[in-house]
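Engineer: 3D, please:
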Amino acid sequence: MKVEKLIVTLAPTGNVPTKELNPNTPVTVDEIVEDIKKCKELGVSIAHIHVRDKDGNPTSDRSLFEKVLKKLDEDNVDIIKQVSTGARGGENTVDFRGQMLDLNAHMASLSTGSSNFPNSVNANSPELIKALAEKMYSNNIKPEIEAFDVGMISNAKKFLKKGILKEPLHFNLVMNVPGSIEGTPKNLMFMIDSLPEDSTFTVSGIGKSQVQMLTMAIIAGGHVRTGLEDILEIEKGVPASNMELVERVVNIAKAVGRPIATTAEAKEILGL
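Structural biologist: Numbering: from 1, shown residues only. Have a look, this model is predicted:
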């Protein structure tokens with residue numbers, strides 16, 4: 001049986017990590033780009049990009065996304081650029097959360113339902129989901145469906161039937177966010193079994209669930225995401241770096257016989 005190559009996504013920053021929580025957290029444009037460049041050399045083919053304002057707070061500021069994307073292009077970093085439209089970047093409106101979707105990106109995150117974060121609500125109304133999806137497709141950007149629970153997979157199927165989403169779908173199964181589905185083997189297999197036919201999927205394991213969830217994803221034929229957005233420690237009490245986290249994933253993949261996809265191969269797998 002042919003084994004599909006493994007797509008490794010890097011989520012270097014996210015909305016939560018700070019220098020205080022982990023001094024290796026990249027928060028400036030230059031720091032974010034530098035970590036992406038280093039991790040690209042280690043095997044990463046997708047960069048899941050968040051940005052921070054001058055105070056280090058999460059934002060959806062178009063100008064900051066533009067600076068990151070432009071610098072990646074200027075530095076000739078051959079990587080799939082995926083921008084975040086997540087709910088923790090500021091105002092919960094289409095105009096604010098989707099303001100970067102006319103930039104030179106290949107993919108963008110799209111949550112297809114609402115859920116809880118530890119201290120806030122991940123609010124995504126049907127109207128907002130539809131409008132963000134339409135803006136992505138109009139700019140030739142492929143949505144990555146962020147599924148924090150199985151209901152978001154069911155909702156994606158409904159949007160597919162309505163023609164709001166287009167096949168083939170690509171999912172990121174986000175396991176173990178407090179307030180959403182727990183990162184257990186049984187739950188992950190249920191999520192995978194719930195996916196529409198012919199879709200591709202990535203798995204993100206948050207916190208202590210990461211190694212187990214990503215190893216299962218690699219064995220099950222899915223793809224993986226790692227980075228300081230998802231986990232802050234390489235082992236208990238030891239701050240991680242993005243590079244260390246990528247190296248660990250690559251080592252797991254090698255141990256189970258899964259070769260790593262190049263950027264060109266990832267584009268082919270995802271239909272970009």
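Engineer: residue contacts, the spatially most central residue of the chain?
Structural biologist: By C-alpha atoms, centre = their mean, the mean C-alpha position of the chain lies nearest to His48, the distance being 5.0 Å. Residues in contact with His48, defined by C-beta atoms under 8 Å, 6 or more residues apart in numbering, are 9-12, 82, 84, 109, 225, 227, 229. No exception for glycine: its C-beta is placed from N, CA and C like everyone else's.
Engineer: ok, Val27 touching Asp53?
Structural biologist: No. Applying C-beta atoms under 8 Å, one finds Val27 not in contact with Asp53, separated by 9.4 Å.
Engineer: Check the gap between the closest residue to the residue nearest to the centre of the chain other than its chain neighbours and Asn76 for me.
Structural biologist: Counting by C-beta to C-beta, 6 or more residues apart in numbering, Ala11 is the residue found nearest to His48 once chain neighbours are left out, at 4.3 Å. Taking C-beta to C-beta, to the nearest Å as the measure, Ala11 falls 22 Å from Asn76.
Engineer: Would you mind telling me which of those two has more residues around it?
Structural biologist: Neighbours per residue, other C-beta atoms under 10 Å: of Ala11 and Asn76, the larger number sits with Ala11, 25 against 7.
Engineer: Look at Pro118 and say how many residues are nearby.
Structural biologist: 9.
Engineer: Ramachandran angles for it?
Structural biologist: phi -50, psi -40 (degrees, to the nearest 10).
Engineer: Please work out how many residues are found near the residue lying closest to it once chain neighbours are set aside.
Structural biologist: In space, not counting the residues next to it along the chain, Pro118 is nearest to Pro178; the distance is 4.6 Å by C-beta to C-beta, 6+ apart. Neighbour count of Pro178, defined by other C-beta under 10 Å: 11.
Engineer: what's near enough to touch Pro178?
Structural biologist: 116-118.
Engineer: if we go to 10 Å?
Structural biologist: With contact taken as C-beta atoms under 10 Å, 6 or more residues apart in numbering, Pro178 is in contact with 116-119, 206-207.
Engineer: what about the stretch 101-250 of the chain, any weak spots by pLDDT?
Structural biologist: Along the stretch 101-250 of the chain, the model assigns pLDDT under 70 to no residue.
Engineer: the helices in it, which residues?
Structural biologist: Applying DSSP state H, counting those that start in this stretch to the stretch 101-250 of the chain gives helices spanning 126-138, 150-161, 185-193, 210-220, 242-255.
Engineer: who wins for proximity to Glu167 among those helices?
Structural biologist: For the helices of the stretch 101-250 of the chain, the distance to Glu167 is smallest for helix 150-161, at 6.8 Å, taking C-beta to C-beta.
Engineer: List every C-alpha atom in the closest one, with coordinates, as PDB.
Structural biologist: Provided in PDB are the C-alpha atoms of helix 150-161 (Å, rounded to 0.1, in the frame of the first residue of the first chain):
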ATOM      1  CA  VAL A 150     -17.400  16.700  16.100                       C
ATOM      2  CA  GLY A 151     -20.400  19.100  15.600                       C
ATOM      3  CA  MET A 152     -18.100  21.300  13.500                       C
ATOM      4  CA  ILE A 153     -17.500  18.400  11.100                       C
ATOM      5  CA  SER A 154     -21.300  17.800  10.800                       C
ATOM      6  CA  ASN A 155     -21.700  21.500  10.200                       C
ATOM      7  CA  ALA A 156     -19.000  21.500   7.500                       C
ATOM      8  CA  LYS A 157     -20.900  18.700   5.700                       C
ATOM      9  CA  LYS A 158     -24.100  20.900   5.800                       C
ATOM     10  CA  PHE A 159     -22.100  23.800   4.300                       C
ATOM     11  CA  LEU A 160     -20.800  21.400   1.600                       C
ATOM     12  CA  LYS A 161     -24.300  20.300   0.600                       C
END
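Engineer: now it: how far from the chain's centre is it?
Structural biologist: Offset of helix 150-161 from its chain centre (C-alpha atoms, centre = their mean, to the nearest Å): 18 Å.
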